[in-house]
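Peer 1: Got a predicted structure here, sequence first:
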Amino acid sequence: MSKLSPFALVILVMCSCFSASMAAASENMKYKDPKQPLNIRIKDLMKRMTLEEKIGQMTQIERSVASADVMQKYFIGSVLSGGGSVPAKEASPETWINMVNEFQKGSLATRLGIPMIYGIDAVHGNNNVYNATIFPHNVGLGVTRDPVLIKKIGVATALEVRATGINYAFAPCIAVCRDPRWGRCFESYSEDPAIVRQMTELIPGLQGDIPANDRKGVPFVGGQKNVAACAKHYVGDGGTTKGINENNTVINRHGLFSIHMPAYYDSVLKGVSTIMISYSSVNGVRMHGDHELVTNFLKNTVKFRGFVISDWQGIDRITDPPHSNYTFSILKSVEAGLDMIMVPYNYTEFIDGLTYLVKNNFIPMTRIDDAVRRILRVKFVMGLFENPLADLAMAKYLGIQEHRDLAREAVRKSLVLLKNGKSGGSPLLPLPKKSTKILVSGSHADNIGNQCGGWTIEWHGQSGNITIGTTILSAIKNSVDPQTEVIYQENPTPEFIKSNNFSYAIVVTGEYPYSETVGDSLNLTIPEPGPTMITNVCGTLKCVVVLISGRPVVIEPYVSTMDALVAAWLPGSEGQGVADVLFGDYGFTGKLARTWFKTVDQLPMNVGDPHYDPLYPFGYGLTTEPV
């Protein structure tokens, strides 16, 4: 054995000391050790963090301003896709995954390597994404009163969100819509809080079931096939005056806690990871600045342990006009108890403003620590520190047949038969598959975008065949006997209707896609040419009207001319579910989860009100037997 020189000996000793110190350092980094208890990991990581790193965790930015460099430089805690914000038109799952991983690599390159969380509005399937399965909107799902089905939809949605590398869904919306004039009513399961409570089963669908021996009420995400969920919008968003979006909900304490709050108790018990704050106000106090309801009630009384997130530029709207005193908005919202702020663009202004407020003792460090502790808790529970990067193997779940079959079942169960046969006459439904010639008409018969509604590919949705699916027209053609001639005319003239000797007609019409304030409507009328076509077609032929809408609309003037009327709501991409029931392969089973008014002058009108005089009452729905 050769003798070492003194210099080599020094180097050897230095190396062994360095290795030993590295091993000790890694041993001491308890937050990186999955075997350590959750609270030990959180505590260990937090004591290492600077103010800059903590404020970064509280910041959520839009993907269009994100990059690996931005994530690394500002320690950004979360990225989101706004409605319609995609890496490329008709982007593949792989394109999504590569984008998300690129941002994540920036986060992992920071000093402490805290992974980011990526959020998206997957409110009826992974609806921003081309070729995803689009489930019926909540307004239809509430009709099913089937929490088992809703949980399965959660499971499928989680897989399709993970298929694009995303691990956080801004769902479910557990608003209790008390006035259909509200442009977000289609995002609400029902006017009845009991039905909305049942539908919180979406949460264990998305996040996974809490093991029997685990504590209830603590955030839970089961694994790599699950996503963090978000109950929204806290609280009272469905009760605003005249249904005006982002408006004021005037209500006594009993009303707030018996109508709008109960689904939040269930969500917390089911381990929901996050809760999003509403743009609206309660009795004149903006929810984004409501310390009493966010901190005192949600955090201290209900004991919610996940993190509270703002809505898109929600803190800006604390002032009127929005963003007119941004420092005040930051102060008010963080004081109120918001933990993560959906900025989404002007992140340096937010970070500088919050840093100033903490350094100058306007916001105590304890409030920052509460926010960061909650965010880290969710990230640890999600397993992000162990598996930060998205897996390309998940891409196979996007739009798979099994999920489309589930969506088709949900469509069948969400249809409500409001009329079947004229008085004294025989029922029209189920329709015969074998006929000489049938007419299909209407702006919504051959239009995936119209049948999916808002929050589909684009924020407000879009007419046209914007993604993969089955239109109602295609579904009808698939269902009838091969000898039956199906003639489609979107808007047929009276002469055409009379001169063709049709056996019967199917009219598919309704509302065009919208979301949020754009959907607010004080008159709730079906846009033309819908009403004219109903009058022309149903005045001449035996007809069934399939109504596509995000809420009850004015139909009383036209009902007498129809032989049958089906409320199909916003069925999503699987139009075959509509034809399944029209032609009797399955029976109608749906019961209204919303009151159908006669005129808008009656609104707001909900079941149990003293002036209750509906066209079709809550719980109404005719049934048919499968043929």
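Peer 2: Received, thanks.
Peer 1: Do a quick rundown of the helices in the stretch 151-300 of the chain.
Peer 2: 193-198, 202-207, 253-255, 262-269, 291 (DSSP state H, counting those that start in this stretch).
Peer 1: Let me know which of these is tucked in deepest.
Peer 2: Of all the helices of the stretch 151-300 of the chain, helix 202-207 has the most neighbours on average by mean count of other CB atoms under 10 Å, namely a mean of 27. In this view, the C-beta of every residue, glycine as well, is placed from N, C-alpha and C.
Peer 1: contacts for that one?
Peer 2: Residues outside helix 202-207 that contact it (CB atoms under 8 Å, 6 or more residues apart in numbering) are 150-158, 169, 171-172, 210, 220-222, 226-229, 231, 267, 270-273.
Peer 1: and the residues you listed, which are buried?
Peer 2: In those, burial by neighbour count holds for 150-158, 169, 171-172, 210, 220-222, 226-229, 231, 267, 270-273, counting by 16 or more other CB atoms under 10 Å.
Peer 1: Surely residue 326 and residue 353 touch.
Peer 2: Yes - using CB atoms under 8 Å, residue 326 is in contact with residue 353, at 6.1 Å.
Peer 1: just to revisit the earlier point, so which of the contacts of helix 202-207 belong to strands?
Peer 2: Of those, the ones assigned to strands by DSSP state E are 169, 231.
Peer 1: Could you list the low-confidence segments of the stretch 351-500 of the chain?
Peer 2: Within the stretch 351-500 of the chain, no stretch has pLDDT under 70.
Peer 1: What segments of it are strands?
Peer 2: Along the stretch 351-500 of the chain, the stretches classed as strands by DSSP state E, counting those that start in this stretch are 416-420, 437-441, 485-489.
Peer 1: for the ones you listed, which one sits closest to residue 430?
Peer 2: With CB to CB as the criterion, residue 430 lies closest to strand 416-420 of these, at 9.4 Å.
Peer 1: Name the residues that touch that closest one?
Peer 2: Outside strand 416-420, the residues that touch it by CB under 8 Å, 6+ apart are 143, 427-429, 559, 562-567, 588, 590-592, 596, 616, 620-624.
Peer 1: one more time with 7 Å, if that's ok
Peer 2: If you take CB atoms under 7 Å, 6 or more residues apart in numbering as the criterion, strand 416-420 is touched by 143, 427-429, 559, 562, 564-567, 588, 590-592, 616, 621-622, 624.
Peer 1: Can you report how many residues lie near residue 486?
Peer 2: The local packing of residue 486 (other CB atoms under 10 Å) involves 15 other residues.
Peer 1: picking up where we left off before, strands - which of the contacts of strand 416-420 land there?
Peer 2: 564-567.
Peer 1: Return the distance of the closest residue to residue 54 other than its chain neighbours relative to residue 61.
Peer 2: Spatial nearest neighbour of residue 54, excluding adjacent residues (CB to CB, 6 or more residues apart in numbering): residue 372 at 4.7 Å. For residue 372, the distance to residue 61 equals 17 Å [CB to CB, to the nearest Å].
Peer 1: One more: residue 141?
Peer 2: 31 Å.
Peer 1: what do you get for residue 345?
Peer 2: Using CB to CB, residue 345 is found at 7 Å from residue 61.
Peer 1: So if I had to pick from the two, which one is more boxed in?
Peer 2: For residue 345 versus residue 61, neighbours defined as other CB under 10 Å are more numerous around residue 61 (25 against 14).
Peer 1: pretty sure the more buried one is touching residue 347, no?
Peer 2: Yes - Residue 61 is within contact range of residue 347, at 4.8 Å (criterion: CB atoms under 7 Å).
Peer 1: What count of nearby residues applies to residue 242?
Peer 2: If you count neighbours by other CB under 10 Å, residue 242 ends up with 12.
Peer 1: Not counting sequence-adjacent ones, nearest residue to it?
Peer 2: Computed as CB to CB, 6+ apart, the closest residue to residue 242 that is not its neighbour in sequence is residue 181, at 6.0 Å.
Peer 1: Ramachandran angles for the one you found?
Peer 2: Backbone torsions of residue 181, given as degrees, to the nearest 10, read phi -70, psi -10.
Peer 1: and if you look at the one 10 residues further on?
Peer 2: Dihedral angles phi and psi of residue 191 (degrees, to the nearest 10) take the values phi -80, psi -10.
Peer 1: Just give the nearest non-adjacent residue to it, would you?
Peer 2: residue 606 (4.7 Å).
Peer 1: quick one, what contacts the residue nearest to residue 365 when sequence neighbours are not counted?
Peer 2: Distance criterion CB to CB, 6+ apart; nearest residue to residue 365, sequence neighbours excluded, is residue 358 at 6.6 Å. By CB under 7 Å, 6+ apart, the contact list for residue 358 reads 51, 365, 368.
Peer 1: Against residue 550, how distant is the closest residue to the last one other than its chain neighbours?
Peer 2: The shortest distance from residue 368 to any residue other than its chain neighbours is 5.4 Å, reached at residue 54 (CB to CB, 6+ apart). Residue 54 sits 41 Å away from residue 550, going by CB to CB.
Peer 1: so which of the strands of the stretch 351-500 of the chain comes closest to residue 279?
Peer 2: Closest to residue 279 of the strands of the stretch 351-500 of the chain, according to CB to CB: strand 416-420, at 30.2 Å.
Peer 1: how far is the closest one from where the chain is centred?
Peer 2: Its chain's average C-alpha position is 28 Å from that of strand 416-420, according to CA atoms, centre = their mean, to the nearest Å.
Peer 1: The most centrally placed residue in the chain: which element?
Peer 2: Geometric centre of the chain, nearest residue: residue 123, 2.2 Å, by CA atoms, centre = their mean. Here residue 123 is covered by no helix or strand, with elements defined by DSSP states H and E.
Peer 1: Straight-line length of stretch 87-94, end to end?
Peer 2: Using CA to CA, to the nearest Å, one end of stretch 87-94 lies 11 Å from the other.
Peer 1: What residues of that stretch count as buried?
Peer 2: Buried residues in stretch 87-94 (16+ other CB under 10 Å): 87, 91-93.
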